[in-house]
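Q: Got a predicted model here, sequence first, then my questions.
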Amino acid sequence: MLAHLREHGEPTDPRDDIDTASLVRRFPRLAAVETRDLTVDGARGPQPARLYRDPSAAPSGRAFVWVHGGAFVGGYLDMPESHWVALELASRGIPVLALDYTKCLGEAHFPVPSDDVLAGWRLALENAHEFFGVGPDAVVLGGASAGGNLAVGVAARLRDGAGTAPAGLVPVYPALHPNSVDPGAPLDPASPIGRISENFAGPGGIRDPYAFPGLGQGEGYPPTLVVVCELDELRPSGEAFAEMVRAAGGAVDVHLEPGAAHGHINEPADPTALPTVEAIVAWIRRLPLG
C-alpha cells in the first residue's frame, strides 16, 4: 500500500456528496464560510493549509487549528474530516486553520509530520489577529486519529519548551500509544496497528513520548477534550490518555459518542458525526480564556 501511495498519490474519493457545493446543499449554514488556501514552511518543504472564516457568524472569541487523520500515510485538506469539520466550526464563529503534513511514505517518519504541525501552529499564532481576529492566547489545537496523535504530540513539545501552548486541546479518536487498541499490552509488529505505529515512528522511535504521548507524562497539558467512540477499537488509547492527564491534576473532559465508529466525522451523512462536531463547538465555547 505504501508503495502504491508513493507512486500514485491519494486515491480519488468515490463519494459524490462531499464537495463544498454538496455540503452547502445539505447544510445551508455553511454557505457563508470563506476559505483561503495557504502554505506552511514544513520540515521538508511547503505543506498545504486552509483558513476558514465566516464573517456573518457571531464571533466566539476563540479559534482552532485542526489536523486530519489518515494513518500517517493518507488524508488531505478536502476530506470531510478536515474540510467539513472546519466549515462547521467556522460557521459557528470559530475560525479554523486546517493543516496538512508530510505523510510517512518511504523515508519520512516521526518527527517530520510533527515538525510540520508545529510549524503550522507557529504560523497560526504569529498571524492570529489577521487569520482569526483573536489573540494567540485564544487558539485551540486539535486533530482526529493520526492528526489527534500529532496534535497531542505537538502540545507536549510546546509544554516542554517548543513554543506557546494552546488554549485548549481536542484529540478526536486519537492513536496516542504504540498499541492504541490495548495500551497496556506489548505491540505486535505484524498487527495492523503495529504496522501503522512502526511506520510512523521509524527506527528507534516507537518509545518516544512525543511520537506517542500516551507514553509520556500527564502534567502540563492545557484543558483537554478527548473524544472517543463507542464502537472504535482505538477507544482505549483516548481513555487511557485522559486518565493519565486527570491523574496528574489536569483538566480533562471525555466525550463518548454513542453508536459511533472510528472515522465517523469523515462521514457527514453519519448520524453520529454532527453531534460530535457540536460537542467540540460547545466545549470550545465554554473554554475559559485569559
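A: Looks like it arrived, so ask away.
Q: where do the strands sit along the stretch 1-150 of the chain?
A: 34-42, 45-53, 63-67, 96-99, 139-144 (DSSP state E, counting those that start in this stretch).
Q: Relative to R159, which of these is closest?
A: strand 139-144 (11.5 Å; C-beta to C-beta). (C-beta placed from N, C-alpha, C; glycine too.)
Q: now the angle from that closest one to strand 63-67?
A: Angle of strand 139-144 versus strand 63-67, following axes from the mean of the first three to the mean of the last three C-alpha atoms, to 10 degrees, is 30 degrees.
Q: which other helices and strands contact strand 139-144?
A: Contacts defined by 3 or more C-beta pairs under 8 Å, 6 or more residues apart in numbering; DSSP states H and E place strand 139-144 against strand 63-67, helix 112-126, helix 146-157, strand 169-172.
Q: looking only at pLDDT, what's the mean for the first one?
A: The predicted model gives strand 63-67 an average pLDDT of 98.
Q: Please work out which residues outside that strand touch it.
A: 82, 85-86, 89, 94-99, 101, 117, 120-121, 124, 128, 131-134, 138-144, 147-148, 150-151, 166, 170, 284 (C-beta atoms under 8 Å, 6 or more residues apart in numbering).
Q: What's the ChimeraX syntax to select whichever of those residues are buried?
A: To isolate the buried ones among those in ChimeraX, judged by 16 or more other C-beta atoms under 10 Å, type:
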select :82,85,86,89,94,95,96,97,98,99,101,117,120,121,124,128,131,132,134,138,139,140,141,142,143,144,147,148,150,151,166,170,284
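Q: Pull out the buried residues from the helix or strand harbouring L256.
A: Element membership of L256, judged by DSSP states H and E, is strand 252-257. Buried residues in strand 252-257, defined by neighbour count with 16+ other C-beta under 10 Å: V252, H255, E257.
Q: so what's the second one up against?
A: Taking C-beta under 8 Å, 6+ apart as the criterion, H255 is in contact with L225, V226, V227, V228, T276, A279, I280, W283.
Q: beta partners for it?
A: With DSSP bridges applied, H255 shows beta-bridge pairing to V227.
Q: Verify the stated contact: F132 with E126.
A: No. If you go by C-beta atoms under 8 Å, F132 and E126 don't touch, sitting 11.7 Å apart.
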